[in-house]
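In: Give me a 3D structure for the following:
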Amino acid sequence: MESLGARIIAATVDDRLTTEALASENRYTFPIGYGLTEAQLEDFDPWWADDHHGRYPQPMEFLVLRGGTLFGSLYASGPIGRMDVEEVLTSIRGRERRRLEQE
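Out: Okay, the predicted model is just below:
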C-alpha cells in the first residue's frame, strides 16, 4: 500500500485497552484512534445498531484522495459488501492510473 502512497487509518468507539488488545492480537501497525463519541461520529452519518450489545455504530469505510476528496465510502451492517484489501488496491491503482494519464 505504501508503494501506492496509501495509508490505513482506523478509529473506534472502543476504549484504549480494548483497542490496544485488538491491535496487538491482530498485529495491526497502522494508527487507530479510540474512544470516539456519538457526537464525533455525527458528521459521518453512521447507521447505529441498538441490541443486546448496546448502542454502537456499524462499520464505515472511506477512501480519501490526496487532497482530502472522498473517493469512495461504504456503510455495512455485516461482512457482505465490505471492501476487501484487493478491491481497495484495485480502486487505488485505477485512480492512480487515471491521474497519471491526465497529467
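In: From now on I want contacts and neighbour counts done on CA atoms only, so please keep to that.
Out: Will do.
In: If Tyr56 is in a bridge, with which residues?
Out: Ala49 (DSSP bridges).
In: List the contacts of it.
Out: Val13, Trp48, Ala49, Asp50 (CA atoms under 8 Å, 6 or more residues apart in numbering).
In: again, only this time at 10 Å
Out: Thr12, Val13, Asp14, Thr37, Glu38, Pro46, Trp47, Trp48, Ala49, Asp50 (CA atoms under 10 Å, 6 or more residues apart in numbering).
In: before we move on, what about Met60?
Out: Met60 touches Ala10, Ala11, Phe44, Asp45, Pro46, Trp47, Ser73, Leu74, Tyr75, Ala76, Ser77, Arg82, counting by CA under 10 Å, 6+ apart.
In: would you list those residues in CSV and tack on secondary structure?
Out: Listed next are the contacts of Met60 as CSV, based on DSSP: H, G, I helix; E, B strand; the rest coil:
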residue, secondary structure
Ala10, strand
Ala11, strand
Phe44, helix
Asp45, coil
Pro46, coil
Trp47, coil
Ser73, strand
Leu74, strand
Tyr75, strand
Ala76, coil
Ser77, coil
Arg82, coil
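In: Let's have those in a markdown table, adding distance to Tyr56 and neighbour count.
Out: As requested, the contacts of Met60 are exported to a markdown table (distance: CA to CA, whole Å; neighbours: other CA atoms under 10 Å):
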| residue | distance to Tyr56 | neighbour count |
| --- | --- | --- |
| Ala10 | 16 | 13 |
| Ala11 | 13 | 13 |
| Phe44 | 14 | 8 |
| Asp45 | 13 | 11 |
| Pro46 | 9 | 16 |
| Trp47 | 9 | 14 |
| Ser73 | 19 | 12 |
| Leu74 | 17 | 12 |
| Tyr75 | 13 | 17 |
| Ala76 | 13 | 15 |
| Ser77 | 11 | 14 |
| Arg82 | 18 | 16 |
